[in-house]
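**Q** fold the following.
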Amino acid sequence: PDALLGLIRSAETSKGYEDYYSGSAISPPKPLTQMTLREVRAWQDQSVAAGSESSAVGGYQIIRDTFDGVTKQLGFTGDELFTPEIQDQMGMHLMAEDGYNDWVAGNITDEQFGNNLAKTWAGLPVMNGTDAGRSYYAGDGLNASTVQPGNVIEALNASRNGTSYDFVRGTGGGTTG
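**A** Numbers count the residues shown, from 1 in each chain. Sure, this is the predicted structure:
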């Protein structure tokens, strides 16, 4: 799923694993990847209390309620550092909730899985219908799709085939990885 995780990170943030909501009223006390999950979660509360409209953090821009659920479901204690590896585990868990295993097994289509992902990540587009290409959350004043449905299909194909995906160029790299 590396190609797909990479596309999601690219769609959600230009700053990667250290990123947080760009309109945050306060900055974290240190880089996010050097903070424990408990510290990150406390900072999210502080940021919202200071007037931030969103609590999104990390490469997958995870908001507070989602952060709490994923942390519990993955059995984290809160003492783990919010490393890229932990963030990738969280991202993979969210993809699984969106039907990743059903998609791999061929039980849902690329478009169905893509639409499920768009409900989790606002930077991803609705795949079909009248809202195709727009964020599922378009119009909320905070979110917009930052990639096109074709990018999602390319990343899905790369993930399915075990090849890399260059989401900057929007093309499959053709190498395994």
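**Q** which pLDDT value does the model give Arg169?
**A** Each residue has a pLDDT score; the one for Arg169 is 50.
**Q** ok, Gly139 next?
**A** pLDDT, read off for Gly139, is 81.
**Q** got it, and Val70?
**A** pLDDT recorded at Val70 is 98.
**Q** any idea which helix or strand carries it?
**A** Using DSSP states H and E, Val70 maps to helix 64-73.
**Q** give me the residues contacting that helix.
**A** Identification of contacts with helix 64-73 by CB atoms under 8 Å, 6 or more residues apart in numbering yields 37, 40-41, 44-45, 48, 55, 57, 62, 78, 90, 93-94. The C-beta positions use only the backbone N, C-alpha and C, and glycine is treated the same way.
**Q** tell me which residues of it are tucked away?
**A** Arg64, Thr66, Phe67, Val70, Thr71 (16 or more other CB atoms under 10 Å).
**Q** quick check: what element follows it along the chain?
**A** helix 84-97.
**Q** mean confidence score for that following helix?
**A** 98.
**Q** before we move on, what about stretch 7-16?
**A** 93.
**Q** put the alpha carbons of it into CSV.
**A** Output of stretch 7-16 as CSV, limited to C-alpha atoms (Å, rounded to 0.1, in the frame of the first residue of the first chain):
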residue,chain,number,x,y,z
LEU,A,7,-0.6,9.7,-2.4
ILE,A,8,-2.7,10.3,0.7
ARG,A,9,0.2,12.1,2.4
SER,A,10,0.8,14.2,-0.8
ALA,A,11,-2.9,15.1,-1.0
GLU,A,12,-3.1,16.0,2.7
THR,A,13,0.1,18.0,3.3
SER,A,14,3.1,19.5,1.6
LYS,A,15,5.1,19.3,4.8
GLY,A,16,4.8,15.5,5.5
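**Q** no more questions from me, cheers.
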